[in-house]
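In: For reference, the sequence and a predicted model appear below.
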Amino acid sequence: MPPFASASEIVRKRKHGGTALLTPPSQTSKPAGKKYKLWDVVLLPKALIVVTLLACGIYLYSISSIHHSYSTNSVPFRIVELLGKGKGVIATRDIRQGEIILREKPLFVVPSSITSSPGALLLDLLSGLTDKQEASYYDLSYVNLPQGLHPGTRAYDEALTLAIFQTNAVSAGQNVGIFPRMARLNHGCSSAFNAVYTWREREGAIVVHALKPIKEGEELLTTYTDTKRPRDARRQFLQQHYGFHCGCAVCSLPTDLSEVSDKRLSAISELYQRFSAWQYGQVSGREAEAVANEIWAIGEEEGYWSERGRLAADVAWVAAAHSDAAAETAWARLALRWYSYELGADSEQAEEMRKIVARPEAHPAWSSRHSESLEGPWQRPAGDV
Ligand SMILES: [Zn+2]
């Protein structure tokens, strides 16, 4: 059975490195058998994560994967102070849809599940960095610093270091890491975010791509949470975990328009649930495809373009299962196009779609269900990527 996707699963897998439908769940799950978890990675869609302290004490099971490195690639943006928002990222030129904006290796990573004192661990790691690297860490923003601690004490230092980590850490495969430049990207909901980041295991780096065309002077925004939720729920989450009241372009809509947006986003979430029912045989291939087309159409109205690569790849899976090579190929082409925008034309996901386009009958799901004719995507790709 394909590791099919509820919307939340789509987010989780993407966050864990952009792995897609065709990746068995076992390759994306966290290490098993750890009695205590120090960081609980709560997935925010494509990406940013919240790490929650769950337990302390005992021992650190592994720091072997920790490494220090900084990318020095030139980038099409600069980090600036924004009125009322702190630091943010502004495009220094027009950026094409799908263009890579940043490739950054982590300042350091920490296993997603550890059992030592987190503050002490982080202080120990930071002591191994250069002064410049350490300064870049302490320059990051933070929320939820416990009250009543006195600066200059060990307890304060540990709490501050941990608060910074929890505010800025991002999933990096089986670990969570700090990426000081990427961490400067502010948040936008739904149609407001224009950049997506993905961890690439084979590169040991996080990459950020332009989901939409971005104009010179425009702020680059990613998303810290699943924004396919109503405005109040989004704002509550962001306030609690990141300490700000979201004033993005979508959250700032007048009440009537905001309600329309909320309805669209709720509809998309519900349709994803309906789509995932295909794997249990509860809807036919044609019905699943119609639902996917509906998701696409509502996303177009909303301006929500994220997750389209994954969605199209999922429908290609459905078409393959029902032995419709033409529909499978059309959906795989669409998936290739949107994976290329969101994850990069050189991503593993894009490469997988190229293989499917070249040999649709070689799809692992091929002919695993009864034969059925599908219609293909309502929106057809302009051409191969
Ligand atoms: Zn918002």
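Out: Received it, and whenever you're ready, just let me know what you need. Note that this is a predicted model, so its numbers are computed, not measured.
In: only C-alpha atoms for contact and neighbour calcs from this point on.
Out: Will do.
In: number of nearby residues for residue 213?
Out: By other Cα atoms under 10 Å, 14 other residues sit near residue 213.
In: Around the ion, pick out the residues from the protein.
Out: 189, 246, 248, 251 (Cα under 5 Å from the ion).
In: so the third one is in which element?
Out: It stands for residue 248. Here residue 248 is covered by no helix or strand, with elements defined by DSSP states H and E.
In: before we move on, back to that, tell me which of the residues of the chain next to the ion is nearest to residue 274?
Out: Of all these, residue 189 has the smallest distance to residue 274: 23.2 Å, by Cα to Cα.
In: hang on, isn't that closest one packed against residue 229?
Out: No: between residue 189 and residue 229 there is no contact under Cα atoms under 8 Å: 9.3 Å.
In: More neighbours: those two, which one.
Out: residue 189 (26 against 21).
In: Count the residues that sit near residue 361.
Out: So residue 361, with other Cα under 10 Å, has 18 neighbours.
In: OK, contacts around it?
Out: Listed by Cα atoms under 8 Å, 6 or more residues apart in numbering, the contact set of residue 361 reads 320, 323, 325.
In: Can you report how many residues neighbour the residue nearest to the second one when sequence neighbours are not counted?
Out: What it means is residue 323. Nearest in space to residue 323, with sequence neighbours left out and distances taken as Cα to Cα, 6 or more residues apart in numbering, is residue 367 at 4.8 Å. Residue 367 has 19 neighbouring residues, counting by other Cα under 10 Å.
In: swap in residue 252?
Out: Neighbour tally, residue 252, other Cα under 10 Å: 12.
In: tell me the domain ranges of the chain?
Out: Following automatic domain parsing, one gets these domains for the chain: 31-242, 255-362.
In: measure the last one end to end?
Out: According to Cα to Cα, to the nearest Å, domain 255-362 extends 50 Å from its N-terminal end residue to its C-terminal end residue.
In: Pretty sure residue 322 sits against residue 364.
Out: No: look at residue 322 against residue 364 with Cα under 8 Å: they stay out of range, at 12.0 Å.
In: quick one, which of the two is more surrounded?
Out: residue 322 (24 against 14).
In: give me the element the closest residue to that one other than its chain neighbours is part of.
Out: Nearest non-adjacent residue to residue 322, counting by Cα to Cα, 6+ apart: residue 371, 4.6 Å away. According to DSSP H and E, residue 371 maps onto no helix or strand at all.
In: Isn't residue 371 up against residue 324?
Out: Yes: Residue 371 is within contact range of residue 324, at 7.4 Å (criterion: Cα under 8 Å).
In: So in terms of bridging, what pairs with residue 81?
Out: With DSSP bridges as the criterion, residue 81 is bridged to residue 87.
In: mind checking pLDDT for it?
Out: At residue 81, the model reports a pLDDT of 93.
In: buried stuff in the longest helix along the chain?
Out: Ranked by residue count and defined by DSSP state H, the top helix of the chain is helix 255-276. Applying a neighbour-count criterion of 16 or more other Cα atoms under 10 Å, one finds 258, 261-276 buried in helix 255-276.
In: for it, packing partners?
Out: If you count contacts as 3 or more Cα pairs under 8 Å, 6 or more residues apart in numbering; DSSP states H and E, helix 255-276 packs onto helix 7-15, helix 285-302.
In: Least confident of those, on average?
Out: Comparing mean pLDDT across the helices and strands packed on helix 255-276, the weakest is helix 7-15, with a mean of 30.
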